[in-house]
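> I need the structure of the sequence given here:
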Amino acid sequence: MPQPNFVAPAMVGPPRVNWQEQLEQGFQARQAQRRQNRGGQRRGQNEGAPMAAGPPAPMEGRVNWQERLEYGFQQRHGGPLEDQNNAPPQQFIMGRRETYAEEERQHAAHQHNLRLQNDAQRQIDHDREALQHQAQQDELQRQQQHQRDMEALEHQNNVAQQQQMDQQAEAERAQEAINNNQALAALPKACRPYHDPTQRFSMGPMSVECPHCHALHFKSERLTNSSNIRPRFGICCLQGQIQLPPFSEPPQLLRQLLTSSTPRARNFRERICQYNCAFAFTSVAVKVDEAILNGARAGPYSFKIHGGLYHSMGTLHPQEGQRPSYAQLYIYDEQAALATRNIRNPNLNHALMADLQDMLIANNPLVPLYKQAYQIMQETAPELQDNVRVSIVMQPGDDPR
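Here you go, the predicted model:
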């Protein structure tokens, strides 16, 4: 006879009911009740019969219904099923089967209800978690939006403060400029700082030649009664009325120093003013306006001459206790004059100083004149040298320059 299996399938969810154990307990309770009800009727008949052993313990949690049936049959008929050679009634077996089938249906229905409850509980938990997650997302978005709003407000405050600071700085600069302009207005124009003009003015290239002397001019320097095609100029040669001889070719040494790119030539051009003063015959005698020079520290350098410009030749002999200078050096021996110039100008190239002195002696027409005066002084008696005077006589028509 097949035995029903009441082992429930594994479930996931809330604690499960052990139906196997409940079925066994229910079956045992019903059996005990039947035995108790029939005990009084059969007690007298069964007092002399040996006690039949009870059904063995279930194996591995399963109920051996065959043994249960045999045990019930022995209790009712007083002997084992094999000894009686008699089978249990068919109705008894069918009733038991119907009972077991009903219990299985109830168990299946209960399992189905549990699954439905578990599914419903899982859906409820899922919906609750979804709602909590959505609430957390909404709260996070609200916090982020609040943070962005606070940052935007802080940025606006910073921008407003920066604009206020810029406006205050601009007002301070404007006030400082007003104060500086008022202070500069009280200074002479030569003492005011120089500033580049806001707009540049260009006269164009200085490439237009005078048709008479071929001097270069700006086109805007032409005479008003001349045309652009044939411009005429009056500031150079008065339209040909003044004719000057062409410049003579410079000595080879001077040309090389003025045009070459050697270190020696570059040094000469950088200190050309000092070289020129070292070999000059005269000094500049002029009355300088010191008021402009002393007050022009903030402005461009100004050299203002008051009155006329003179070239002082001085005496042929230096005063007592002073070294010879300018034209006084040209009446001395060449080596002594060179040594004096080198002492006065220690930063100049001494070899170049010797070459320049040789060039002047060979090419400058004024050097022999001073040499002749020196020779005349040497030939004159010592007692008469104090009365000797030198005069430069210009012939009519000579160039006074």
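
> and the strand ranked longest in the chain, what other elements does it pack with?
Across the chain, the strand with the greatest residue count (assigned by DSSP state E) is strand 305-312. Applying 3 or more Cβ pairs under 8 Å, 6 or more residues apart in numbering; DSSP states H and E, one finds that strand 305-312 contacts strand 283-288. Using the backbone N, CA and C atoms, a C-beta is placed for each residue, glycine as well.

> related to what we said a few turns ago, the longest strand of the chain pairs with which strands, and in what direction?
Here strand 305-312 is paired, per DSSP bridges, with strand 283-288 (antiparallel).

> pLDDT on the strand it pairs with, on average?
Average pLDDT, strand 283-288: 71.

> ok, now stretch 225-242?
Across stretch 225-242, the per-residue pLDDT values average to 88.

> could I get the buried residue list for that stretch?
Residues of stretch 225-242 classed as buried by neighbour count (16 or more other Cβ atoms under 10 Å): 231, 233, 236-237.

> following the helix or strand bottoming out on mean pLDDT in the chain, which helix or strand comes up?
One helix or strand of the chain scores below all others by mean pLDDT, DSSP states H and E: helix 81-84, with a mean of 45. Per DSSP states H and E, the first helix or strand lying C-terminal to helix 81-84 is helix 90-185.

> which other residues reach the helix or strand following that following helix?
The helix or strand immediately downstream of helix 90-185 is strand 208-209, counting by DSSP H and E. By Cβ atoms under 8 Å, 6 or more residues apart in numbering, the residues outside strand 208-209 that reach it are 215-219, 221-222, 231.

> mind running it again at 6 Å?
217, 219, 231 (Cβ atoms under 6 Å, 6 or more residues apart in numbering).

> got it, and stretch 223-243?
So stretch 223-243 is contacted by 208, 210, 212-213, 215, 217, 222 (Cβ under 6 Å, 6+ apart).

> got the end-to-end distance for it?
19 Å (Cα to Cα, to the nearest Å).

> wait, which of the buried residues of stretch 225-242 is closest to residue 253?
Among the buried residues of stretch 225-242, residue 236 lies closest to residue 253 (Cβ to Cβ), at 30.4 Å.

> for the closest one, which non-adjacent residue is spatially closest?
In this structure, residue 236 finds its nearest non-sequential neighbour in residue 215, 4.2 Å apart by Cβ to Cβ, 6 or more residues apart in numbering.

> the one you found and residue 225, how far apart?
19 Å (Cβ to Cβ, to the nearest Å).

> how is this structure carved up into domains?
The record's domain parsing of the chain by automatic domain parsing lists 89-186, 204-246, 252-281+313-382.

> next, the buried residues of stretch 110-120.
So stretch 110-120, judged by 16+ other Cβ under 10 Å, has buried residues 111, 114.

> same thing with stretch 216-225?
For stretch 216-225, by 16+ other Cβ under 10 Å, it's 217, 221-222.

> just the ones of those in strands?
residue 217.

> sorry, back to before: now the contacts of strand 208-209 in CSV, with distance to residue 170?
Below are these laid out as CSV (distance: Cβ to Cβ, whole Å):
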residue, distance to residue 170
217, 47
219, 44
231, 50
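
> tell me which of the residues you listed is nearest to residue 160?
residue 219 (57.1 Å).
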